[in-house]
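Asks: turn this into a structure:
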Amino acid sequence: MTTNHEISSEEKFQVEQPPVVLPNATVVLVLGILSIPLCCCYGLGLILGIIALVLAGNAVRLYNANPFRYTPSSYKNVSTGKICAIIGIILSAVYIGYLIWAVSYIGWDAISDPQLLQERLQEIINNQ
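Replies: Down below sits the predicted model:
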């Protein structure tokens, strides 16, 4: 007695080709990691973090559509890069918020003039 067994496309792919690396997995990881130390570079970390999140979203979508096609290690790289990107975005947002507060509290003219900056900071210290 013979049975006619249909082979799914996922099973065919597993037999025919080994899993491949997710596209942009390394790029997501590198951008996510770079977004953390570059958070103090006036928004550069924010930009890199956002780019990493967008690329990570696309990679996760591809992996979820066909997990047998991609290596688990590349998915872990995407996940790690995504976490680093979120941390970098948060740190960048905090730093940009601090800069906005400093400019509004001390003034733009004082930031470009060291003597005036020192006077304004001394006023702030004396008023507290």
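
Asks: could you list the buried residues of stretch 88-106?
Replies: 88, 89, 90, 91, 92, 95, 96, 106 (16 or more other Cβ atoms under 10 Å). The C-beta positions use only the backbone N, C-alpha and C, and glycine is treated the same way.

Asks: one more: stretch 71-87?
Replies: For stretch 71-87, by 16+ other Cβ under 10 Å, it's 71, 74-75, 77-82, 84-87.

Asks: and the residues you listed as a markdown table, adding distance to residue 121, secondary structure and pLDDT?
Replies: A markdown table is the format used below for those (distance: Cβ to Cβ, whole Å; DSSP: H, G, I helix; E, B strand; the rest coil; pLDDT from 0 to 100):
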| residue | distance to residue 121 | secondary structure | pLDDT |
| --- | --- | --- | --- |
| 71 | 54 | coil | 95 |
| 74 | 49 | helix | 97 |
| 75 | 49 | helix | 97 |
| 77 | 44 | helix | 97 |
| 78 | 44 | helix | 98 |
| 79 | 43 | helix | 98 |
| 80 | 40 | helix | 98 |
| 81 | 39 | helix | 98 |
| 82 | 39 | helix | 98 |
| 84 | 34 | helix | 98 |
| 85 | 34 | helix | 98 |
| 86 | 34 | helix | 98 |
| 87 | 30 | helix | 98 |
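
Asks: run through the chain and note the low-pLDDT ranges.
Replies: 1-15 (pLDDT under 70).

Asks: show me the residue at the heart of it, geometrically.
Replies: residue 85 (2.0 Å; Cα atoms, centre = their mean).

Asks: what's in contact with stretch 113-121?
Replies: Residues from elsewhere that reach stretch 113-121 (Cβ atoms under 8 Å, 6 or more residues apart in numbering): 106, 107, 109, 110, 111.

Asks: which ones are touching the nearest residue to residue 35 once chain neighbours are set aside?
Replies: Closest residue in space to residue 35, ignoring its immediate chain neighbours: residue 88 at 2.7 Å, by Cβ to Cβ, 6 or more residues apart in numbering. Residue 88 makes contact with 32, 34, 35, 36, 38, 39, 45, 46, 48, 49, 52 under the criterion Cβ under 8 Å, 6+ apart.

Asks: residue 81 is in contact with residue 52, isn't it?
Replies: Yes. Counting by Cβ atoms under 8 Å, residue 81 touches residue 52, with 5.6 Å between them.
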